[in-house]
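> pasting a predicted model and its sequence here:
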Amino acid sequence: MGDVTLWNVQLQQQTVFKSNGWVYRIPALFCETESETLLAFAEQRRTEDDSSSKMLVMKRGELKEETPNVKTIEWSELREVKEAKIDGYRPMNPCPLYDKTSKTLFLFFICVEGTVSEQRQINCYTNKARLCYITSKDLGQTWTELTDLTDKLPEIKTWATFAVGPGHGLQTEQGRLIVPIHAYTSGMNSCCRLSKSCAPFALSLYSDDSGKNWQFGQMFQEKSIECQMAEFFDESGNSIIYCNARTEGGFREEHVSESNGHEFCKLSGVQKLMETGFGCQGSLVSFPSQNEDVANDESQKKNKWLLFTHPSHQCRRVSLGVYLNKTPRDPNSWSKPWIISSGPSGYSDLAYIGEGWFACLLESGEKKETEQIASVVFSYNELKQVIGE
């Protein structure tokens with residue numbers, strides 16, 4: 001059963017964005033491992049309502065080692081990301097990803113017209129969202145002007161609405177940049193848009209030339225909402241892109257791609273990851289297998305395992321759990337959760353910071369999960385003791 005003491009001990013949470021006047025939601029996290037720099041992003045809202053988002057905000061974090069077994073993050077003052085804005089639109093869903101080739105940080109997001117809600121766009125089948133990004137060459141200290149990709153990607157015109165992430169994107173070992181997307185569509189043409197069958201489907205947006213050109217992959221066949229993706233390698237060294245997506249209830253959608261994220265197929269087998277209520281975003285990272293006896297074996301340094309965070313309660317957004325999967329093709333091999341935040345908790349974003357350590361941004365609070373966005377740092381060794389792996 002693992003260490004009962006650890007099971008009951010909550011990780012120390014550091015407040016990153018405190019809802020006090022403003023409401024902060026939708027955490028996104030990026031870690032540049034060489035400099036041990038972390039960037040935290042969130043939406044600043046007037047109220048909890050999705051349609052009240054005002055702008056994206058960020059903080060820089062520096063990893064600190066308190067003791068060999070305790071790491072914390074020293075966070076900077078809050079800064080508004082003023083470049084991530086179109087007049088008359090509200091920015092939403094921050095989604096950072098990093099191109100190691102050009103050392104460029106991309107921050108993707110959507111800009112939604114006025115206060116038009118997602119539900120209104122779906123009901124009217126009239127998309128009011130635009131696909132945008134800004135970039136930085138100095139880890140978020142300065143940003144370029146906004147780039148709007150909407151009119152360069154004709155598929156968007158056929159959707160009721162869409163969103164990126166939220167949370168982080170990824171770069172594959174071969175260099176492909178991948179942004180997780182979900183879009184609401186009926187699959188019908190523009191002359192017959194009103195359809196009760198309008199539903200969400202996950203897909204990827206990717207670039208093979210360091211972000212000069214972008215294209216969409218193929219949509220999932222099953223309903224799937226907010227998603228994150230990670231690359232892992234099978235026993236033969238083949239690259240697999242794994243996607244874990246929110247659903248409208250029941251179990252999470254788990255899909256894999258052997259085409260570098262272009263086309264996905266649903267994993268077969270007994271599902272284990274429950275969805276919370278009518279759905280909640282979850283986060284995902286891959287990391288090297290932590291086998292001590294092969295620490296010096298280069299082939300073992302590729303990412304082979306998955307870590308996932310999500311509220312562990314079947315009905316309510318409480319008790320954020322960390323789940324481990326050592327055989328990602330098997331949806332039944334997820335571990336029991338280590339509860340790292342026992343109270344109200346919602347969206348989260350994970351980052352692997354190296355040498356068996358992880359950072360997580362999470363929505364949490366005493367009465368409501370929208371009270372703050374906090375950070376926690378933990379190690380695989382702590383997780384292993386709790387879940388008894």
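Thanks, I have it.

> contacts only, for the closest residue to L131 other than its chain neighbours.
By the measure of CB to CB, 6 or more residues apart in numbering, the closest residue to L131 outside its immediate chain neighbours is L149, 4.6 Å from it. To be clear about C-beta, it is placed using only N, CA and C from the backbone, and glycine gets the same treatment. Under the criterion of CB atoms under 8 Å, 6 or more residues apart in numbering, the neighbours of L149 are 131-133, 214.

> at 10 Å what do you get?
When the contact criterion is CB atoms under 10 Å, 6 or more residues apart in numbering, the partners of L149 are 108, 130-133, 156, 205, 213-214.

> now do the strands in the stretch 151-300 of the chain.
161-164, 170-171, 177-185, 199-207, 215-216, 227-233, 239-245, 253-257, 265-266, 283-288 (DSSP state E, counting those that start in this stretch).

> of the contacts of L149, keep whichever come out buried.
Using 16 or more other CB atoms under 10 Å as the burial test, those include 108, 130-133, 156, 205, 214 as buried.

> out of those residues, which comes closest to N238?
In terms of CB to CB, no member of these lies closer to N238 than L205, at 22.8 Å.

> kindly provide the distance from the closest one to E222.
Distance, L205 to E222, using CB to CB, to the nearest Å: 19 Å.

> CSV for the buried ones among the contacts of L149, including distance to R120?
As requested, those are arranged in CSV below (distance: CB to CB, whole Å):
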residue, distance to R120
F108, 23
R130, 16
L131, 19
C132, 20
Y133, 25
I156, 17
L205, 24
W214, 27
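
> mind listing which of these are in helices?
When DSSP state H is applied, the buried ones among the contacts of L149 are split such that none fall in helices.

> helix, strand, or coil at N123?
The local conformation at N123, judged by DSSP: H, G, I helix; E, B strand; the rest coil, is helix.

> quick one: the closest residue to D99 other than its chain neighbours from F106, how far?
Here the nearest residue to D99 in space, its sequence neighbours aside, is S210; by CB to CB, 6+ apart that works out to 5.0 Å. Computed as CB to CB, the S210 to F106 distance reads 10 Å.

> so between the two, which is more surrounded?
Neighbours were tallied for S210 and for F106 using other CB atoms under 10 Å; the higher tally belongs to F106 (23 against 16).

> and the more buried one, what is it in contact with?
Residues 30, 95-99, 133-136, 144, 147, 169, 171, 177, 179, 207, 210-211 are the ones in contact with F106 under the rule CB under 10 Å, 6+ apart.

> select the longest strand from this structure.
Selection of the longest strand in the chain by residue count, based on DSSP state E, yields strand 338-354.

> quick one: strands adjacent to whatever helix or strand comes next after that one?
Tracing the chain past strand 338-354, the next element assigned as helix or strand by DSSP states H and E is strand 357-364. Using DSSP bridges, strand 357-364 pairs in its sheet with strand 338-354 (antiparallel), strand 372-379 (antiparallel).

> so which of those strands is nearest L267?
When those are compared for distance to L267 using CB to CB, the nearest one is strand 338-354, at 20.0 Å.

> between strand 227-233 and that closest one, find me the angle.
60 degrees (axes from the mean of the first three to the mean of the last three CA atoms, to 10 degrees).

> so, low pLDDT: which residues of the stretch 51-200 of the chain?
Along the stretch 51-200 of the chain, the parts satisfying pLDDT under 70 run over 187-197.

> quick one, helices of it?
Applying DSSP state H, counting those that start in this stretch to the stretch 51-200 of the chain gives helices spanning 118-124.

> same list (the strands paired with strand 357-364) but as a markdown table, adding mean pLDDT, distance to G249 and mean neighbour count.
Listed next are the strands paired with strand 357-364 as a markdown table, based on pLDDT from 0 to 100; distance: least, CB to CB, whole Å; neighbours: other CB atoms under 10 Å:
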| stretch | mean pLDDT | distance to G249 | mean neighbour count |
| --- | --- | --- | --- |
| strand 338-354 | 96 | 16 | 23 |
| strand 372-379 | 97 | 25 | 23 |
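
> who wins for proximity to F251 among the ones you listed?
Put simply, out of those the one that sits nearest F251 is strand 338-354, at 18.4 Å, with distance taken as CB to CB.

> from the chain's centre, how far out does the closest one sit?
12 Å (CA atoms, centre = their mean, to the nearest Å).

> then stretch 358-375?
Computed by CA atoms, centre = their mean, the separation of stretch 358-375 from the middle of its chain amounts to 15 Å.

> now do the contacts for the nearest residue to L170 once chain neighbours are set aside.
Residue nearest to L170 in three dimensions, not counting chain neighbours: I178, with 5.3 Å by CB to CB, 6+ apart. For I178, the contacting residues are 97, 169-172, 204-207, 217, 229-231, 241, 243, 257, 260-262, by CB under 10 Å, 6+ apart.

> give me phi/psi at the residue positioned nearest the centre of the chain?
Here the mean C-alpha position of the chain is nearest to the C-alpha of G167 (CA atoms, centre = their mean), at a distance of 2.9 Å. Its backbone dihedrals place G167 at phi 100, psi -160, with angles given as degrees, to the nearest 10.

> wait, it touches P27, no?
Yes - between G167 and P27 a contact is recorded at 7.5 Å, counting by CB atoms under 10 Å.

> anything in contact with each of these two?
Here G167 and P27 share the contacting residues 41, 94, 281, 283, 347-349, 361, scored by CB under 10 Å, 6+ apart.

> nearest to N291, of the residues you listed?
The shortest gap between N291 and any of the shared contacts of G167 and P27 belongs to S283, at 24.1 Å (CB to CB).

> grab the nearest non-local neighbour of the closest one.
Leaving out its chain neighbours, the residue that sits closest to S283 by CB to CB, 6+ apart is L350, at 4.3 Å.

> so that neighbour makes contact with A230?
Yes - counting by CB under 10 Å, L350 sits close enough to A230 to count as a contact (9.4 Å).
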